[in-house]
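Enquirer: Coordinates for the following, if possible.
(one chain, ligands or ions: 1)
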Amino acid sequence: MKFSRIASTGGYLPEKILTNADLERMVDTTDAWIRERTGIEKRHVALDGQTTVDLAEQAARQALADGGFSPGDIDLIVFATTTPDRVFPSCACLLQQRLDIHGCAAFDIQAVCTGFVYALSVADKFIRTGAARRALVIGAETLSRIVDWSDRSTCVLFGDGAGAVVLEASDEAGILSSHLHADGQYESLLTVPAGVSDHPERLRAGDAFIEMKGNEVFKMAVNTLGRIVDETLDASGLDKSAIDWLVPHQANTRIIAATARKLDLPMERVVVTVDRHGNTSAASIPLALDVAVRDGRIRRGDMLLMEAFGGGFTWGSVLVRF
Ligand code: UT7
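Expert: Numbers count the residues shown, from 1 in each chain. Prediction:
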């Protein structure tokens, strides 16, 4: 068993929905501006007390059920999140306990919007080396907790949710290649500039929110994602025509459309959920994957390109034979 493949998927969105009309009543914005600049129409937000692990548990249970797995079949949990329930234990350990799994390795990954791509790549390497046989890989967020709901330049963008896959050892290639990058010199363009150790007083005062220089991030995202498309295709020796589906991080339809153009892929071959989900950071790719698998668009054997760009900056891609 030299490879890993995605055996099943799951997703969960909290019930509460915030529409653009709701946001018009909260900040100086319009439904037209949000749609035109981002493509977003609505987003889901967690209820008070509903945590990242609560969302992840639903997505994980769905992925397990869909693959016909029981929790005991899992021997690795990799959990991507920027909004963990606690400082510690990790969300992976909290989820492990909820699922009544004991003893296997479980850890969180923090790569902001690229988190799921990082998590999938890491889990793939565990499986390829024989260190694990069946991994639960999660992306889950309650970004609404780090959004300044009085800042119109950011609060219209983000949403909450969770997505999961079960990745298992296989004789045939599922994950064909993964490409991970980061460059910390851009940390100030997209950040929550406070934490446990840096400006803890801001955290304690409830003043730790996402700050973003949107336009600069936008330009970097478009250029960088264009480059990672080339890198991914070059590494695999595939022509862009081999890609059946682009499953991108969902930050902005204009960024997604630019990557699709780079691949000469019509928008009908791109999974877009940002209109309904907003930007759910690490959750966005597994949620989009789950939507398109569940509605029958993505089928076994299809070639998928997943890509993401986010705070750090971090960016990456995974090429998958589904
Ligand atoms: O997921 C991680 C990576 N994140 C991203 O990829 C996000 C990347 N950035 C973006 O998606 C876009 O830059 C935004 C959607 C955030 C902003 O779109 P933009 O076209 O770059 O707008 P802008 O920031 O240049 O602002 C244009 C104008 C400004 O007004 P002035 O200075 O031209 O008078 C803003 O004040 O739009 C104004 N504005 C708004 N107006 C109405 C900013 N936010 C809003 C708003 N409603 N919500």
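Enquirer: Any residue of stretch 247-266 touching the ligand?
Expert: Yes: residues of stretch 247-266 contacting the ligand under Cβ under 6 Å from any ligand atom: 251, 252, 255. Using the backbone N, CA and C atoms, a C-beta is placed for each residue, glycine as well.
Enquirer: I'd assumed residue 76 was in contact with residue 119.
Expert: No: here residue 119 lies out of contact with residue 76, judged by Cβ atoms under 8 Å, at a distance of 10.5 Å.
Enquirer: before we move on, back to that, tabulate the residues of stretch 247-266 next to the ligand in TSV, adding columns for distance to residue 171.
Expert: Output for the residues of stretch 247-266 next to the ligand, formatted as TSV (distance: Cβ to Cβ, whole Å):
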residue	distance to residue 171
251	36
252	39
255	37
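Enquirer: Between residue 119 and residue 76, which is the more surrounded one?
Expert: residue 119 (30 against 22; other Cβ atoms under 10 Å).
Enquirer: List buried residues within the residues of stretch 247-266 next to the ligand.
Expert: 251, 252, 255 (16 or more other Cβ atoms under 10 Å).
Enquirer: Check whether the first one really touches residue 113, as I assumed.
Expert: Yes: counting by Cβ under 8 Å, residue 251 touches residue 113, with 6.7 Å between them.
Enquirer: Determine the residues that are contacts of both of these two.
Expert: Contact with both residue 251 and residue 113 is made by residues 279, 284, 309, 310, according to Cβ atoms under 8 Å, 6 or more residues apart in numbering.
Enquirer: Quick check: which element contains the third one?
Expert: Using DSSP states H and E, the element containing residue 309 is strand 303-310.
Enquirer: That strand close to the ligand?
Expert: Yes: judged by Cβ under 6 Å from any ligand atom, strand 303-310 comes into contact with the ligand through 309, 310.
Enquirer: That strand: partners in the sheet, and parallel or antiparallel?
Expert: strand 245-248 (parallel), strand 314-321 (antiparallel) (DSSP bridges).
Enquirer: quick one: which of those is nearest residue 150?
Expert: Among the strands paired with strand 303-310, the nearest to residue 150 by Cβ to Cβ is strand 314-321 (27.6 Å).
Enquirer: Between the two ends of stretch 299-319, how far is it?
Expert: The separation between the terminal residues of stretch 299-319, taken as Cα to Cα, to the nearest Å, is 15 Å.
Enquirer: tell me the mean pLDDT for stretch 288-302?
Expert: In this model, stretch 288-302 has an average pLDDT of 98.
Enquirer: count of neighbours near residue 187?
Expert: Residue 187, neighbours per other Cβ under 10 Å, totals 12.
Enquirer: and if you look at the one 4 residues further on?
Expert: Counted with other Cβ under 10 Å, the neighbours of residue 191 add up to 17.
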